[in-house]
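Colleague: Sequence isn't available, so here's the structure alone:
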């Protein structure tokens, strides 16, 4: 009877959550929508831009995004044997850099091919490693992205590489990761957290999947503090980037959203809950 009451209580709580998510408001760029609508709209944006994602990143940043990601990797300073979960990293930019960075350090070779494993296989592999004595069993990076098209781009790029040992891909939402607790040494998310509908919930998930002493690393745009540079940046963002999106990707609206999402993301000093 107690179990039945608990089950009913859980069902009621889930029902209330579904209703509240549908009713709660969020921002899709400057447009106010429900949280469910935002999730669907953001998915649509990255489905549309996936094919031209790398080209547009180079065009929008004049190639500087590559330097940012390289610097991000140096700050990560991963060592052999590290387990990395890269969220919203479907194109593989961070994952490939991680593998190259690790391979540049002297360490024992990876034990076996771990490319394109299912999450069940990855989980079983973790369970096996938990009981082993050696701390260097080969580094691993799992790329998790909610968007299938972005994952397809990353997987296609992986097939053109020789260094993909230890690389796996899973489809999943940052707010509800299909990953067991305490399994990763580092959680990374690059230029993705501002697109998450419920950021605090995603942060809770990051905390859950990290091992004790694990690190959360986020690379994201912020606000320009110099008034002159800010004005120039606004002109470039709102008048140039959407045009580039239309010319290169034939998609003005998606890149208009991306510009607006940067403006609405909390600045360096903000402490309030983001939308």
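Modeller: Cool, the structure landed. Being a predicted model, the structure only gives us computed values, none of them experimental. Residues are numbered from 1 along each chain as shown.
Colleague: Report whether residue 84 is found in a helix, as I expect.
Modeller: No. Secondary structure assignment places residue 84 outside any helix; it is strand (DSSP: H, G, I helix; E, B strand; the rest coil).
Colleague: my guess is it contacts residue 144, does it?
Modeller: No. In this structure, residue 84 is not within contact of residue 144 by C-beta atoms under 8 Å, at 10.7 Å. (C-beta placed from N, C-alpha, C; glycine too.)
Colleague: Just the buried residues of stretch 37-53, please?
Modeller: Applying a neighbour-count criterion of 16 or more other C-beta atoms under 10 Å, the buried positions in stretch 37-53 are 37-39, 41-43, 45-46, 48-50, 52-53.
Colleague: which phi and psi does the residue nearest the centre of the chain have?
Modeller: The centre of the chain sits closest to residue 88, judged by C-alpha atoms, centre = their mean, with a distance of 2.2 Å. With angles defined as degrees, to the nearest 10, residue 88 sits at phi 60, psi 30.
Colleague: Would you mind giving me the confidence score for it?
Modeller: We have a pLDDT of 95 for residue 88.
Colleague: Now do the contacts for the residue lying closest to it once chain neighbours are set aside.
Modeller: Taking C-beta to C-beta, 6 or more residues apart in numbering as the measure, residue 88 lies nearest to residue 192, with 2.8 Å between them; neighbours along the chain are not counted. Residue 192 makes contact with 87-89, 174, 220, according to C-beta atoms under 8 Å, 6 or more residues apart in numbering.
Colleague: Let's see the ChimeraX selection covering just the buried ones among the residues you listed.
Modeller: To isolate in ChimeraX the members of the contacts of residue 192 that are buried, counting by 16+ other C-beta under 10 Å, one can use:
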select :87,88,89,174
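Colleague: Save the contacts of residue 192 as TSV, and put in secondary structure and distance to residue 263 too.
Modeller: Output for the contacts of residue 192, formatted as TSV (DSSP: H, G, I helix; E, B strand; the rest coil; distance: C-beta to C-beta, whole Å):
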residue	secondary structure	distance to residue 263
87	strand	23
88	coil	19
89	coil	23
174	coil	21
220	coil	13
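Colleague: The contacts of residue 192 into TSV, with extra columns for distance to residue 63?
Modeller: Formatted as TSV, the entries for those read as follows, by distance: C-beta to C-beta, whole Å:
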residue	distance to residue 63
87	24
88	21
89	19
174	27
220	19
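Colleague: I would like the residues contacting the lengthiest strand in the chain, please.
Modeller: As far as residue count goes, and with DSSP state E defining each element, the longest strand of the chain is strand 210-219. Contacts to strand 210-219, defined as C-beta under 8 Å, 6+ apart, come from residues 68-69, 72, 75-76, 83, 182-191, 193, 203, 206-207.
Colleague: neighbouring strands for it, and are they parallel or not?
Modeller: Strands adjacent to strand 210-219 in the sheet, as given by DSSP bridges, are strand 184-190 (parallel).
Colleague: From the chain's centroid, how far away is the strand it pairs with?
Modeller: Here the centre of mass of C-alpha atoms in strand 184-190, compared against the chain's by C-alpha atoms, centre = their mean, to the nearest Å, lies 9 Å away.
Colleague: same check, this time on stretch 197-208
Modeller: With C-alpha atoms, centre = their mean as the basis, the distance from the averaged C-alpha position of stretch 197-208 to the chain average is 12 Å.
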